[in-house]
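>>> Prediction below, plus the sequence it came from.
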Amino acid sequence: MTHSIRKEMNVLIVHTWGIGDLILLTPVLNAVHKLHPQVRIHFLFFPKAAAIPVKEAPYVGEINYCSWKPRALLSAIIGERKRCYEAVMFSSGVTPWKAWLFLLLLKAKKRIGEYHKCRLPFISAAVKFDAQLSRTESNYRLLSSFLHLPKWKDALAQRDELDMYTSFHLKESNKQWAEEYLTKMGFGEKKLVGLHPGCMAKNSYRRWDKEKFVELITMIRSEYNFDFLVIAGPDELDVGKFISQQSECRLLNDTPLSDVAAVIARCDYFINTDSSLGHIASCFRVKSLTIFGPGNEKQTAPFSPDSRIVRNSISCAPCVGAKKIACEVDCLKQLSAERVMQELRGLFL
């Protein structure tokens, strides 16, 4: 570790994952900002949407975007080489050799990289990837390799002091939109349960059955006097419409993500499949339950004391990254609405 920083330090983080993984990085960035306010975090984002939670963050410098297309990669490398960073790293979980090749082409005093079995050359600090750790802790280890930060356990003990919570920075206009929307829809008297039944289309195998969501809403209504709001993006609009129609719930769709986040912030509870919206709920300390199937909750569960997970424990799950073609996703198909309801009763206390 280095000594505490006394002058401005520019650090580049390359983020190739989605919104949820970016949100899992924010507790670490909050802690860095508390301890080293001179550090400016610059980002190179591959998914553009992943930048949304931190665009208004006080520690963020310049934000740029890229894609895996050769021309875009070359343009990004040329652009970033014009700057010389104190340190550059990829957020945790990227295939090590891909990150290594990219890092070699950038100008930085320190290049920080993960490795699985063998350390790669010309890396200033190599951190071994551990699949049993959350993305938050893995990113903390990366930043700790060149910044003076407390040990992980000590940091958790100072969680409030270091602001080690997930965050999504909203504008006042987002909050105002949410207030007007909820009033217009007649929400306010009862506690509000938000539901997000989907995820990106390419990860649709991670979704719980839409019929079970309808069954779950019926169960909740039989025991609690709550309002419900189904939230659906473009990739799961058909699923959202089905649940909304079958359960006679309001549907929120075709809405900018920051406005959706402001609505989630106003929910009392949130239920979702393994997707980014569960992470957004964690940013506002909303009591939430995430339904896991193939995904590895040890790595990607929401990082919040108010978030719970539920899964059907079978021997082959989790299998993310190693899912077999013949897999029937029994981890989700065999997860009953009653099992999920059992977890919710504890959440609703």
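Good, I have the coordinates.

>>> can you give me the strands in this protein?
9-15, 39-45, 60-65, 85-90, 108-115, 125-128, 191-196, 226-231, 250-252, 269-273, 287-292, 307-311 (DSSP state E).

>>> Could you list the buried residues of stretch 119-131?
Within stretch 119-131, the residues scored as buried using 16 or more other Cβ atoms under 10 Å are 120, 123-127, 129. The C-beta positions use only the backbone N, C-alpha and C, and glycine is treated the same way.

>>> Of those residues, just say which sits nearest to Met200.
Among the buried residues of stretch 119-131, Phe129 lies closest to Met200 (Cβ to Cβ), at 23.2 Å.

>>> give me phi/psi at the closest one?
phi -70, psi 140 (degrees, to the nearest 10).

>>> Give me the pLDDT for it.
Phe129 is assigned 97 on the pLDDT scale.

>>> That one and Arg141 touch, don't they?
No: when contacts are counted by Cβ atoms under 8 Å, Phe129 is not listed as touching Arg141 (9.3 Å).

>>> how close does the residue located most distally from the centre of the chain sit to Ile243?
Each residue of the chain has a distance to the centre, and by Cα atoms, centre = their mean the biggest one is for Ser222: 32.1 Å. For Ser222, the distance to Ile243 equals 17 Å [Cβ to Cβ, to the nearest Å].

>>> before we move on, back to that, CSV please, covering the strands of the chain and showing distance to Leu156.
Compiled in CSV, the strands of the chain are given as follows (distance: least, Cβ to Cβ, whole Å):
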stretch, distance to Leu156
strand 9-15, 22
strand 39-45, 21
strand 60-65, 24
strand 85-90, 22
strand 108-115, 21
strand 125-128, 19
strand 191-196, 28
strand 226-231, 31
strand 250-252, 34
strand 269-273, 23
strand 287-292, 20
strand 307-311, 15
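
>>> Which one of the ones you listed lies nearest to Ser134?
Minimum separation from Ser134 across these (Cβ to Cβ) falls at strand 307-311, 11.6 Å.

>>> okay, the angle between that closest one and strand 287-292?
On the basis of axes from the mean of the first three to the mean of the last three Cα atoms, to 10 degrees, strand 307-311 is oriented at 30 degrees to strand 287-292.

>>> Start the count at 456 instead of 1 going forward.
Got it, the first residue is 456 from now on, which makes the last one we talked about strand 762-766.

>>> Extract the CA atoms of strand 762-766 and return them as CSV.
Extracted in CSV, the C-alpha atoms of strand 762-766 (Å, rounded to 0.1, in the frame of the first residue of the first chain):
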residue,chain,number,x,y,z
SER,A,762,-31.6,-7.0,0.7
ARG,A,763,-32.3,-10.7,0.8
ILE,A,764,-32.0,-13.5,-1.7
VAL,A,765,-34.0,-16.6,-2.3
ARG,A,766,-33.0,-19.6,-4.3
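
>>> That one to strand 724-728, inter-axis angle?
Using the same axes, to 10 degrees: strand 762-766 against strand 724-728 is 40 degrees.

>>> who's in contact with strand 762-766?
For strand 762-766, contacts defined as Cβ atoms under 8 Å, 6 or more residues apart in numbering pick out 733, 736-737, 742-748, 752, 756-757, 772, 786, 790, 794-795, 798, 801-802.

>>> and these, which are buried?
733, 736-737, 742-748, 752, 756-757, 772, 786, 790, 795, 798, 802.

>>> Which strands and helices lie in contact with the longest helix along the chain?
If you go by DSSP state H, the chain has its longest helix at helix 474-490. Packing partners of helix 474-490 (3 or more Cβ pairs under 8 Å, 6 or more residues apart in numbering; DSSP states H and E): strand 464-470, strand 494-500, helix 590-599, helix 614-617, helix 731-738, helix 752-755.

>>> buried ones in the fourth one?
Read it as helix 614-617. Neighbour-count burial for helix 614-617 [16+ other Cβ under 10 Å]: Leu617.

>>> which outside residues touch it?
So helix 614-617 is in contact with 485-486, 489-490, 605, 610, 620, going by Cβ under 8 Å, 6+ apart.

>>> Between those residues, identify the one with the most neighbours.
Counting neighbours by other Cβ atoms under 10 Å, the top entry in the contacts of helix 614-617 is Ala486, with 24 neighbours.

>>> hang on, it packs against Asp609?
No: in this structure, Ala486 is not within contact of Asp609 by Cβ under 8 Å, at 11.0 Å.

>>> what's the neighbour count on the closest residue to Asn519 other than its chain neighbours?
Distances taken as Cβ to Cβ, 6 or more residues apart in numbering put Leu499 closest to Asn519, at 5.2 Å, once the chain neighbours are dropped. Residues near Leu499, counting by other Cβ under 10 Å, number 23.

>>> ok, now which ones touch Cys704?
Applying Cβ under 8 Å, 6+ apart, we find Cys704 in contact with 650, 672, 683-685, 698.

>>> quick one on the thing from earlier: tell me which two of the buried residues of stretch 574-586 sit farthest apart.
Spatial extent of the buried residues of stretch 574-586 (Cβ to Cβ) is set by the pair Ser579 and Phe584 at 16.8 Å.
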